[in-house]
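Q: what's the 3D shape of this:
(chains A and B)
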Number of protein chains: 2
Amino acid sequence: MKTAPGFGYTLLARDGMARRGRLATAHGTVETPAFMPVGTAATVKGMRPAEVRATGAEMVLGNTYHLMLRPGAELIAELGGLHRFMAWPGPILTDSGGYQVMSLATLRRLDERGVTFTSHLDGSRHELTPERAVEIQDLLDADIAMQLDECPAAGRPEAEVAGSMRLSLRWAERCRAAFRDRPGYALFGIVQGGVHDHLRRESARALAAMDFPGYAVGGLAVGEGQAAMFDVLDVTTPELPEQRPRYLMGVGRPEDMIGAVRRGIDMFDCVLPTRSGRTAQAFTHRGTVNLRNARHKRDPAPLDRYCACPTCTKYTRAYLHHLFKAEEMLGPMLVTQHNLTFYQGLMAGLRRAISEGGMADFAEAMTAALADRAAPPWTGAQDEPTETRP
Amino acid sequence: MKTAPGFGYTLLARDGMARRGRLATAHGTVETPAFMPVGTAATVKGMRPAEVRATGAEMVLGNTYHLMLRPGAELIAELGGLHRFMAWPGPILTDSGGYQVMSLATLRRLDERGVTFTSHLDGSRHELTPERAVEIQDLLDADIAMQLDECPAAGRPEAEVAGSMRLSLRWAERCRAAFRDRPGYALFGIVQGGVHDHLRRESARALAAMDFPGYAVGGLAVGEGQAAMFDVLDVTTPELPEQRPRYLMGVGRPEDMIGAVRRGIDMFDCVLPTRSGRTAQAFTHRGTVNLRNARHKRDPAPLDRYCACPTCTKYTRAYLHHLFKAEEMLGPMLVTQHNLTFYQGLMAGLRRAISEGGMADFAEAMTAALADRAAPPWTGAQDEPTETRP
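A: The predicted structure follows:
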């Protein structure tokens, strides 16, 4: 499979295994390492597109499983595609739907052909095959589509994990064959294999041989723990081609992303900053803060004194505490905005550290700050120049 | 009572009884007729202050009852007042809390001194006297404070309504005595008297004799119907001094406001545009629209083709329908934004119509449009120049 014209990854700098790069897509470029906010149902929860962009985000993720069930991929296509539907003009990555079928749908039946399942919304019956997963993502107009894969639950026997991984490889071939090449659009393969080094190597090598324009590492952040996840990355990323982007799916906490970037990962997505924002959990440069805690009731301090986002410059912790106590929508809106800004600031800091060859120092200083042992190093979501579309 | 320096109403134009004016307060000016979005708990639900301002709103309302209970008036004062707490730099009007005590609190006991009640939040016991109502609003730093009044439920016997009205007059005197004069701040008296012309006249005359810097008409929109409400306005506004602003509390629907402006009202507040926005009810120039209705599922049209707000220029009805079906926060956010823009556009249209002497034509054309019988007249929240602070 050749990289479609208009889609591509440019490796700009390296520091150890860490990479500073740029992704070009049909809807614009993305500076990497990059964090993609999750817009499950065609909206990043509680955020307007311009607000998402203002946090520094350049690309968002959509969930195929949710969108195929409601409002439906054909309906979104009829209305001009997902970018237009949700008014996000920038790049969009969609997952294949496979993971959510396993975690949300009921009455699942999986075989070589694909997976049939019952919608968690209305009990309707659906089928997701590799070909249909690619078709849906094409209807959505995703800049980056993901192959359908099978992600076994954590702790399954090795033979089962191997079987899932090899099924995912056969599905990768079928997705590749079904994918419609268009300039600026790409399909990524997904490395599986659980926590077994030799299975991860087998998966990565087989996918690399298929020459995908990008690769994801799947099946992590499902309860295996950070050390096991880092071990998997240590054996996986060296097997992946240097000139292709690498995406660690569903990760994660700030500390996870710092460690993953040091192991050669370029892209992340996670519900953590948005979901936490809705439950009053804030990520700050001195660790996490629970704004429901009574100690914030009279606190005139900003949420994060090292952050220049609107939430931190306009409001006190006392006000944010009040909003959550009063169950006002503005609480989730403001803390989500801050959390996403924090995540993008961390990515900007990582990009700069790699460019300057200071990755090790940055990682150490940032980790100390997140544990509230020291002031944070420079991050700078606000003022880093990028070359991307607005 | 003299109008405090810095506070004042300037009558700019008249068309019949309708008035085009300008209100000056400590935190800026307000073009009238004006609609004040309701920010009950120190936030207009689902809207950031800059978004509220962008709809054209110049002044918002805060609810004393809610704020005194949570987070507390003393706490807000300690944090610099309500403007700073909620990051709304413009004028704020607060009600006295009396109405909400009657509608929300339990175990109420009302006598000459004031009202004691049990909080609907935590069962704590509180007292609201005329003096305390004024003190709380002073702590909140409200540009316009309201006297404590007693608003009897609709349909009570005339003798009871008369008693409530006369108690409210005595409380008006006590509020006036307790009010701390500061430049740009004002206390309004509230006309009561139910649907009884002679009681309304008695109330209005007595309050006018006390020379308040502004007057509210209370006790309406409580189920008496539009015709009865208009009848009350017909006998009330002629009794109020010309050089003072007039505020119709808790009103209303677009048609109510058009009729009230024609009867000499300058200011309104109502939860309708915000509350309706959260339940998918949109106000448009061709009448109300329920976005949950299945007929919007595939509709590529904007919510209101005569509206230039971000909701109407960026999104389809199909997308808004999807957001409400998926119970996404962005649905309430976007429709609230549109509804407030619609309300402010209506006010801008009324202001222009009065200035140009075209109030009757405007009212007729707008009423026809709202009933979906004709295209709307010009309104223009978006492009009317105002002379107020941002």
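Q: residues contacting A:Asp274?
A: Not Asp; residue A:274 is Thr. Each residue near A:Thr274 by CB atoms under 8 Å, 6 or more residues apart in numbering or on different chains is listed here: A:37-38, A:44-47, A:336, A:339-340. (C-beta placed from N, C-alpha, C; glycine too.)
Q: for the most centrally placed residue in chain A, grab phi and psi.
A: Central residue of chain A (CA atoms, centre = their mean): A:Asp269, 1.2 Å from the mean position. A:Asp269 adopts backbone torsions of phi -140, psi 150, taken as degrees, to the nearest 10.
Q: tell me the bridge partners for it.
A: A:Met36 (DSSP bridges).
Q: and it, how far from A:Asp95?
A: Going from A:Asp269 to A:Asp95 by CB to CB, to the nearest Å gives 8 Å.
Q: please apply the same query to A:Asp181.
A: Counting by CB to CB - A:Asp181 and A:Asp95 are separated by 20 Å.
Q: tell me which of these two has more neighbours.
A: A count of neighbours by other CB atoms under 10 Å in any protein chain shown puts A:Asp95 above the other of A:Asp181 and A:Asp95, at 31 against 14.
Q: what about the closest residue to the more buried one other than its chain neighbours, how many residues nearby?
A: Leaving aside its sequence neighbours, A:Asp95 sits nearest to A:Met146 (CB to CB, 6 or more residues apart in numbering or on different chains; 5.1 Å). Neighbourhood size, A:Met146 [other CB under 10 Å]: 28.
Q: for the contacts of A:Thr274, which one is nearest chain B?
A: Using CB to the nearest CB, A:Gly46 comes nearest to chain B of the contacts of A:Thr274, at 4.4 Å.
Q: what residues sit buried inside the helix or strand that A:Thr236 is a member of?
A: Per DSSP states H and E, A:Thr236 falls inside helix A:226-236. For helix A:226-236, a neighbour-count test (16 or more other CB atoms under 10 Å in any protein chain shown) marks A:226, A:229, A:231-233, A:235-236 as buried.
Q: need the residue in chain A that's farthest from the chain's center.
A: Of all residues in chain A (CA atoms, centre = their mean), A:Arg298 lies farthest out, 35.8 Å.
Q: surely that one is in contact with A:Tyr319?
A: No: the criterion here is CB atoms under 8 Å, and A:Arg298 misses it with A:Tyr319 at 10.8 Å.
Q: and the residue of the stretch 101-250 of chain A found nearest chain B, helix, strand or coil?
A: The nearest approach of the stretch 101-250 of chain A to chain B comes at A:Leu121, 9.1 Å away (CB to the nearest CB). Following DSSP: H, G, I helix; E, B strand; the rest coil, we place A:Leu121 in the coil state.
Q: can you check A:Val44 too?
A: coil.
Q: OK, contacts around it?
A: So, once contact is read as CB under 8 Å, 6+ apart, A:Val44 ends up touching A:37-38, A:52, A:60, A:274, A:336, A:340.
Q: hang on, the earlier thing: mind putting the buried residues of helix A:226-236 into JSON lines with pLDDT and distance to A:Ala365?
A: As requested, those are exported to JSON lines (pLDDT from 0 to 100; distance: CB to CB, whole Å):
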{"residue": "A:Gln226", "pLDDT": "97", "distance to A:Ala365": "19"}
{"residue": "A:Met229", "pLDDT": "97", "distance to A:Ala365": "22"}
{"residue": "A:Asp231", "pLDDT": "98", "distance to A:Ala365": "24"}
{"residue": "A:Val232", "pLDDT": "98", "distance to A:Ala365": "26"}
{"residue": "A:Leu233", "pLDDT": "98", "distance to A:Ala365": "22"}
{"residue": "A:Val235", "pLDDT": "98", "distance to A:Ala365": "28"}
{"residue": "A:Thr236", "pLDDT": "98", "distance to A:Ala365": "27"}
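Q: with distance to chain B as new columns, can the residues you listed be given to me in CSV?
A: CSV is the format used below for those (distance: CB to the nearest CB, whole Å):
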residue, distance to chain B
A:Gln226, 31
A:Met229, 31
A:Asp231, 38
A:Val232, 34
A:Leu233, 34
A:Val235, 39
A:Thr236, 35
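Q: looking at the residues you listed, spot the one nearest A:Ala369.
A: A:Gln226 (17.9 Å; CB to CB).
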